[in-house]
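Participant: sequence plus predicted model, see below.
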Amino acid sequence: MNAQDTSAEPKPDLPLQIAHVLLIDVVGYSKLLVNEQIEFLQELNQIVRSTECFRAAETKGKLIRVSTGDGMALLFFHSPEEPVRCALEISRTLQEHPHIQLRMGVHSGPVNQVTDVNDKTNIAGAGINVAQRIMDCGDAGHILLSGHIAEDLAQYR
């Protein structure tokens with residue numbers, strides 16, 4: 001790259017943020033009938049919205065919610081503890097809903113807010129990509145943390 005090439009510089013219209021990401025996936029979603037998919041997602045939305053961490057972050061304006069089709073991504077912007085606490089709270093609530101099987105992944109990293117084809121807020125960047133890879137390593141009932149999150153949380157103790 002020569003000194004004149006500025007293509008690798010961050011663009012001012014894509015501000016970089018560090019997000020603490022909780023990625024949630026409904027296990028076996030694609031095998032469900034369409035009406036079951038809708039019911040599962042509605043129930044999951046109610047469970048997630050009822051968590052204390054979700055409500056607190058939303059009230060402070062420090063939460064971005066993105067549907068992933070078969071789950072969701074929750075991006076917190078205050079502390080790496082937030083997505084972990086939220087995942088644990090969701091997991092405890094799911095004990096009352098054993099028919100819903102989730103896997104969850106947590107990571108902190110850089111993200112950009114972008115506008116998707118439907119003019120809705122979406123997220124791009126390594127923070128969400130790594131959270132997806134972490135989650136993909138899990139099975140039903142798993143909450144997996146990246147090494148980065150685990151190290152950050154160890155400093156809180």
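Facilitator: Cool, got the structure.
Participant: show me where the chain has strands.
Facilitator: Here the chain has its strands, by DSSP state E, at 16-26, 63-67, 71-76, 102-115, 121-124, 143-145.
Participant: now for those, which one comes closest to Arg133?
Facilitator: Taking C-beta to C-beta, strand 102-115 is the member of those nearest to Arg133, at 7.6 Å. C-beta here means a position set from N, CA and C on the backbone, and glycine is covered the same way.
Participant: which strands and helices sit next to that closest one?
Facilitator: strand 16-26, helix 81-94, strand 121-124, helix 126-136, strand 143-145, helix 147-156 (3 or more C-beta pairs under 8 Å, 6 or more residues apart in numbering; DSSP states H and E).
Participant: ranking those by burial, who's on top?
Facilitator: Compared across the helices and strands packed on strand 102-115, strand 16-26 shows the largest average neighbour count, a mean of 23 (mean count of other C-beta atoms under 10 Å).
Participant: can you pull out the low-pLDDT segments for this protein?
Facilitator: 1-14, 157 (pLDDT under 70).
Participant: do that again at 90, thanks
Facilitator: Low-confidence segments of the chain (pLDDT under 90): 1-16, 69, 115-116, 118, 120-121, 152-157.
Participant: gap between the longest helix anywhere in the chain and the chain center?
Facilitator: Identified as the longest helix of the chain according to DSSP state H is helix 34-49. In terms of C-alpha atoms, centre = their mean, to the nearest Å, the centre of helix 34-49 is found 16 Å from the chain centre.
Participant: okay, Ile143 and His107: tell me how far apart.
Facilitator: 12 Å (C-beta to C-beta, to the nearest Å).
Participant: next, count neighbours for Gly138.
Facilitator: Using other C-beta atoms under 10 Å, Gly138 has 17 neighbouring residues.
Participant: which residues touch the closest residue to it other than its chain neighbours?
Facilitator: Nearest non-adjacent residue to Gly138, counting by C-beta to C-beta, 6 or more residues apart in numbering: Arg103, 4.0 Å away. Listed by C-beta atoms under 8 Å, 6 or more residues apart in numbering, the contact set of Arg103 reads 24-25, 27, 135, 138-144.
Participant: export these to a markdown table and tack on distance to Asn45?
Facilitator: A markdown table is the format used below for those (distance: C-beta to C-beta, whole Å):
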| residue | distance to Asn45 |
| --- | --- |
| Ile24 | 11 |
| Asp25 | 14 |
| Val27 | 17 |
| Met135 | 18 |
| Gly138 | 21 |
| Asp139 | 23 |
| Ala140 | 19 |
| Gly141 | 20 |
| His142 | 21 |
| Ile143 | 19 |
| Leu144 | 22 |
